[in-house]
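Undergrad: give me coordinates for this.
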Amino acid sequence: MSAPSKPRRHRLSGLPFNRMIPNILTLMALCAGLTSLRFGLNDQWQLAVLAIFVAAVLDGLDGRIARILKGSSKFGAELDSLSDFVCFGVAPGLLLYLWTLESIGRFGWIVSLLFAICCALRLARFNTALDAPPPPWARNFFTGIPAPAGGGLVMLPIVLTFQFGDEFFRDPAVVSIVLVIVSALMVSKVPTFSGKRLHIPYGGILAVMLVTAVLAAGIINAPWMTFSVLGFLYIGSIPISIRSYRRLAQKHEGEAADASGNPKFPESDTL
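TA: Here you go, the predicted structure:
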């Protein structure tokens, strides 16, 4: 009789390190967002703002690197949403409360809560929209401003005080108005530009590299002025994105009407 064969032992193949890199960047962003609260508690406002911007940079990198390395996963998407809520919803709201809104008592806390809640709602809507992807012509747009942009915009009053003093920008009324407007934009249906699928033509590569070099020099030599300019440029891009979205939507509707064979008649001025 032959000896019974031993059962095979299946070796765990393990997880390639390149698939862990996006999650590591997300955790680093989460650490930066939480560290901003520590700086805020110690009245180190410049470091607190820098920590939020570092979290935003890391958040922008993790998704792109995940697509490049083919390391996207459901776990990574959920971790990214939780990190975004802490870094760009909870942390900015608490920082602004500690910075100035605490002076107006309950109303200041309500405004801070409103911002965090709107950030959570915006992220929840984004996650549910992943199951129903938009049409190809609308993939270069977000619905409402994304959480990192919202977290950066509400930091503008603090950033502007580094340049122009806190006589105006630290006023609780001004900060409350900024928080309410940004909160509304996050949960709105306003289309805003998305750079996730942005393709740079070959003729524009040199210009992009030049702009990147100028931006890096500005961040190193005049960080607060550079961050302020970037914030106002983003605000100025919102009307442009709305017009671009409507133009593409009208073009798509026209092409769909032509494909269906329905003739289009000009509207009459008379009833």
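Undergrad: okay, CA-based contacts and neighbour counts for the rest of this
TA: Noted.
Undergrad: and the residue nearest the centre of the chain, how far from residue 53?
TA: Residue closest to the average C-alpha location in the chain (C-alpha atoms, centre = their mean): residue 148, at 3.0 Å. Distance from residue 148 to residue 53, counting by C-alpha to C-alpha, to the nearest Å: 9 Å.
Undergrad: any stretches of the stretch 51-200 of the chain with poor pLDDT?
TA: Residues of the stretch 51-200 of the chain meeting the criterion pLDDT under 70: 71, 130-132, 196-199.
Undergrad: ranges for the strands of it?
TA: In the stretch 51-200 of the chain, the strands defined using DSSP state E, counting those that start in this stretch lie at 141-143, 191-193.
Undergrad: most tightly surrounded among those?
TA: Highest mean neighbour count of these: strand 191-193, a mean of 23 (counted as mean count of other C-alpha atoms under 10 Å).
Undergrad: how about residue 193, what does it touch?
TA: Contacts for residue 193 were tallied using C-alpha atoms under 8 Å, 6 or more residues apart in numbering; they are 140, 141, 142, 237, 238, 241.
Undergrad: those helices in this protein, which residues are they?
TA: Ranges of helices in the chain, per DSSP state H, are 21-41, 45-69, 74-85, 91-99, 106-129, 147-153, 156-164, 172-187, 205-221, 223-260.
Undergrad: got the ones you listed as JSON lines, with distance to residue 193 columns?
TA: Formatted as JSON lines, those follow (distance: least, C-alpha to C-alpha, whole Å):
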{"stretch": "helix 21-41", "distance to residue 193": "22"}
{"stretch": "helix 45-69", "distance to residue 193": "14"}
{"stretch": "helix 74-85", "distance to residue 193": "19"}
{"stretch": "helix 91-99", "distance to residue 193": "22"}
{"stretch": "helix 106-129", "distance to residue 193": "15"}
{"stretch": "helix 147-153", "distance to residue 193": "11"}
{"stretch": "helix 156-164", "distance to residue 193": "20"}
{"stretch": "helix 172-187", "distance to residue 193": "13"}
{"stretch": "helix 205-221", "distance to residue 193": "17"}
{"stretch": "helix 223-260", "distance to residue 193": "6"}
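Undergrad: burial of residue 113, as a residue count?
TA: Other residues near residue 113 number 17, with proximity taken as other C-alpha atoms under 10 Å.
Undergrad: is it correct that it is in contact with residue 93?
TA: Yes. Using C-alpha atoms under 8 Å, residue 113 is in contact with residue 93, at 7.1 Å.
Undergrad: out of the strands of the stretch 51-200 of the chain, which comes closest to residue 76?
TA: Nearest to residue 76, of all the strands of the stretch 51-200 of the chain, is strand 141-143, at 20.0 Å by C-alpha to C-alpha.
Undergrad: contact partners of the closest one?
TA: Residues contacting strand 141-143 (C-alpha under 8 Å, 6+ apart): 188, 189, 190, 191, 192, 193, 194, 241, 245.
Undergrad: re earlier: right, and the helices of the chain - which one's nearest residue 135?
TA: Per C-alpha to C-alpha, nearest to residue 135 of the helices of the chain: helix 223-260, 9.8 Å.
Undergrad: what packs against the closest one?
TA: helix 156-164, strand 191-193, helix 205-221 (3 or more C-alpha pairs under 8 Å, 6 or more residues apart in numbering; DSSP states H and E).
Undergrad: deepest of those, which one?
TA: Greatest average neighbour count among the helices and strands packed on helix 223-260 goes to strand 191-193 (a mean of 23), per mean count of other C-alpha under 10 Å.
Undergrad: now that strand, how far from the chain's geometric center?
TA: Counting by C-alpha atoms, centre = their mean, to the nearest Å, strand 191-193 is centred 11 Å from the centre of its parent chain.
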